[in-house]
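Undergrad: Sequence plus the predicted model coming up.
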Amino acid sequence: MRKKRYGFIFFLIPIFLLLVVFRYYPLFSAVYHSFTTWNVISSKFVGFQNYVLLFKDNLFIASLRNIFIYILVSIIIITVMAIIGAELIFNLRSKLSAFWKYLFVVPMIVPYTVFILIWKFIYNPYLGILNGSLNLIGLSSLTQPWLGSPQTALYAVAFVGFPFFSTAQFLVILSSLQNLDRSILESAKLDGATTLKRVFKIDLPLIMDKIVLIIILTIIWNFQAFTNFYLLTFGGPGSSTLVPGLYLYQMAFENNSMGYACAIGVIMAIIALILVFITQKIEQLIIK
Amino acid sequence: MSKRILIFTLALGIVMSLVMGGIAFADQATSTQATPVTLTVYFERYDYPSKFPELAQMTENIVKNYEKLHPNVQIKLIPDTFGEETNYETWLTAQFAAGTEPDISWEQYYQRWVEKGWWIPLNKYLEEPDPYAAPGQGREHWKDCVPNFVWDSIIAPDGNSYTVDLDWVETGVFYNKEIFDKLGISPNFTTWDQFMQDLKIIKAHGYIPFDFGMSGTTWTPYQWIDDIFTTSAFADQVPEMYMPKYSELYKQTYDGEEWRVLTPEETAKAIYDGIYSTNNPRFVEFLKLMKQFSEYWPSGFTSLDYDSMLSLFLSGKAAMVWLGSWSMPEIAQSAPFKWGLTYLPPLSTEQIPQLPKIFQDVSFRVGGPNGAAQYGITIGAEKNHVVSWAVDFLKYLSTPNTMGKVAAASEMYIPMIKGTEVNPAIAFFEKIASYPTRAFMDPEGRFPPAIANEYGTIMENYLVGSINMETAQKQIQEVLNEYVKEMASEYHYSWYK
């Protein structure tokens, strides 16, 4: 009988310690401090007061509404564009297909902040490329203060990164397509299926689990959205682009209400978990 | 017997070690001059080597001279590498959380009010004599290093002073001379009506009349226009808002009448008394003026921050931009056109029927103690037992030959230290500084950050047309009431029932 070996535990301990210190400790600390008025150097237990105030806070409610719209818009455009981009590359029967793939992926190495600042310039109402291009092609009537109007600001932020080919979602879909069984695709071709028909009848159903995965990832990442809103609008005009991540930051670092900020963080985590749970249930229903 | 001796010896040992420990932990400045002391100091723009190398050199020389004077003291400088103020705030919060905060640090004076327990009150030290003051300057106490109106502007809601403020920001309207000449407009605006007419002409010629932004990542001039319009609208009622306890402390006048910045408590009481109220017709005038003026701001002004505003002006698309004295070096260096400085004209009874006579021919200034020399002592200094040395170093900085010289050389700020010569390059701003002060502080300083944020959001919604005037009035009144309630429960104001 083979003797059980426990040496591996020693190799796991450092990782486990790092996980505890940098992941679990902040998590439990945030949950604990959400029940206090914490200003970094002292805290007082206040029970559920922060949560009660939070659900009466109009700005927080507005931030939730904005983030749901933002997630919905993002899911639709990112998923659709990721599928379109991946199918274009996948169906390209040329020696240059690898080149196109790299071309789509290379922009991912641009630092995110730089990328956002470029979009800020694109949207500038007077000096930006977008309005400049519209003026150039005689569509001046369509020019807008994209980030400065409550009607367009949230959607403008959601469209940052368009056409979304340089995303992890695009890579997930592309690799799933490349892993499809070639014999199925060949059979479809022999049976006379057009490319479009094959995409809808074969490709998409076969990679549905990956599509659900990218939807889950988009929900999780976008629910925590902060940098793009911080750099582009800081929540304005008014509260039209205020999102929970940004509100949490404002409460923590401008108002020094760390306890309140922790309560926002806890609520964000709970909502994200619920959204992921719902998405997984939908996935199970679709796969059935 | 031997047991008793042992217990006695042990007890004596414990007592002695406690006493010795106490001595060792006592503030090092009071124990012995030779005890090595390290002070960590953050000077903000005055030690920003990558952007202002000459100023940083001057500051470092001051530090070296202080170290020569006190060989046991070593000063560690934390250079400004933060770029934006929000980055600094995040860093400072993290330092306090980790217990590694500097002993002396810069901070916007009003931000200290919400950073409760981070900073130590300086009141008792301000009454101390200042060993570095030159004789004959009339500086009996440390607080005499700057004029009274500086202290008046930075008093906290609890009545304490947490900041020593050695310089001053003033503002001016930078204008594009080429556009003005082309359109035949004089930059010497005399009345508000004429100013509006000029803005109309500029707009009709395809220029942005008044470059303006409200995006919140950095400071924007929205704060100032709110001050001027609120002050003008309520000017006749401001004297009713003054509380005797502050008037006795910081008596100031304009044209013989008491006139100074309202303290946070006075603002709260004015709301409580129903004077500073959105139901007051004066508030409606304020909102109307704001809306009227916003017609001449750039399209999408709510998304423009300081950098975007500056770029717009420098691109030659905007005729004017209202910025602080700190922007002058940048504009001087980058503007590809001839530019000049002017200021907003005074409002009149045409706009505000109840505007007092003394303010009908003069504009309000909005400058304030928001410069680079706003220093406070943190609780870190207390933990490190170096408060006395921190105070001593700040006293050393409060002379015309030290920070006075640096502020003057900056060409960005007006030195506030008495006896400092003002740099002729900022003479224009010094002239503006002689105008009567606004009574209402910037919303950022008037209210705590969360309230200021809510107030700003409502004003943005109103200005972009998302809500109408009635809704704005209703929502702002709720915010004002919330402010009074919060302040009264925090500071136990006796007038609040």
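TA: Done, it's in. Numbering: from 1, shown residues only, chains lettered A, B, ... in the order given.
Undergrad: how about the residue of the stretch 251-400 of chain B found nearest chain A, what does it touch?
TA: Here the residue of the stretch 251-400 of chain B nearest chain A is B:Gly300; by CB to the nearest CB that distance is 2.3 Å. (Each C-beta comes from the backbone N, C-alpha and C, glycine too.) Counting by CB atoms under 8 Å, 6 or more residues apart in numbering or on different chains, B:Gly300 makes contact with A:Pro125, A:Gln144, A:Pro145, A:Trp146, A:Leu147, A:Gly148, A:Ser149.
Undergrad: try 7 Å
TA: A:Pro125, A:Pro145, A:Leu147, A:Gly148, A:Ser149 (CB atoms under 7 Å, 6 or more residues apart in numbering or on different chains).
Undergrad: So which of those belong to strands?
TA: Here DSSP state E is the test, and the contacts of B:Gly300 give no hits in strands at all.
Undergrad: quick one, strands of the stretch 301-450 of chain B?
TA: Secondary structure of the stretch 301-450 of chain B (DSSP state E, counting those that start in this stretch): strands located at B:320-324, B:339-342, B:374-377, B:414-415.
Undergrad: Ok, which of the ones you listed comes nearest B:Thr457?
TA: The closest approach between B:Thr457 and any of the strands of the stretch 301-450 of chain B, judged by CB to CB, belongs to strand B:320-324 at 21.7 Å.
Undergrad: thinking again about what came up before, for the strands of the stretch 301-450 of chain B, could you give me CSV that also reports distance to chain A?
TA: Output for these, formatted as CSV (distance: least, CB to the nearest CB, whole Å):
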stretch, distance to chain A
strand B:320-324, 13
strand B:339-342, 18
strand B:374-377, 15
strand B:414-415, 27
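Undergrad: Quick check: which of those is nearest to B:Leu126?
TA: Counting by CB to CB, B:Leu126 lies closest to strand B:374-377 out of the strands of the stretch 301-450 of chain B; the figure is 11.7 Å.
Undergrad: How about residues contacting the closest one?
TA: Against strand B:374-377 from outside (CB under 7 Å, 6+ apart): B:103-109, B:112, B:119-120, B:122, B:162-165, B:387, B:390-391, B:394.
Undergrad: Low-confidence stretches in the chain?
TA: No chain in the question, so chain A it is. A:1-3, A:287-288 (pLDDT under 70).
Undergrad: that answer is for a different chain, and I need it for chain B
TA: Scanning chain B for pLDDT under 70 picks out B:1-33, B:216-218.
Undergrad: For it, which residues are neighbours of chain A?
TA: B:89-90, B:93, B:96-97, B:114-118, B:214-217, B:298-303, B:308, B:311-312, B:315, B:317, B:448-450, B:453-454, B:457, B:460-461, B:464, B:466 (CB under 7 Å from any CB of the partner chain).
Undergrad: Verify the stated contact: A:Leu242 with A:Asn66.
TA: Yes - A:Leu242 lies in contact with A:Asn66 (CB atoms under 7 Å); the separation is 6.0 Å.
Undergrad: related to what we said a few turns ago, turn the strands of the stretch 301-450 of chain B into TSV, including mean neighbour count.
TA: Output for those, formatted as TSV (neighbours: other CB atoms under 10 Å in any protein chain shown):
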stretch	mean neighbour count
strand B:320-324	24
strand B:339-342	18
strand B:374-377	25
strand B:414-415	24
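Undergrad: Can you give me the domain boundaries for chain B?
TA: Domain assignment of chain B by automatic domain parsing yields the ranges B:24-169+B:369-430, B:171-364+B:447-491.
Undergrad: could you dump these to CSV with distance to A:Ala168?
TA: Formatted as CSV, the domains of chain B follow (distance: least, CB to CB, whole Å):
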stretch, distance to A:Ala168
domain B:24-169+B:369-430, 27
domain B:171-364+B:447-491, 27
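Undergrad: So which of those is nearest A:Leu232?
TA: domain B:171-364+B:447-491 (7.5 Å).
Undergrad: Quote the end-to-end distance of the closest one.
TA: Distance across domain B:171-364+B:447-491, first residue to last, is 33 Å (CA to CA, to the nearest Å).
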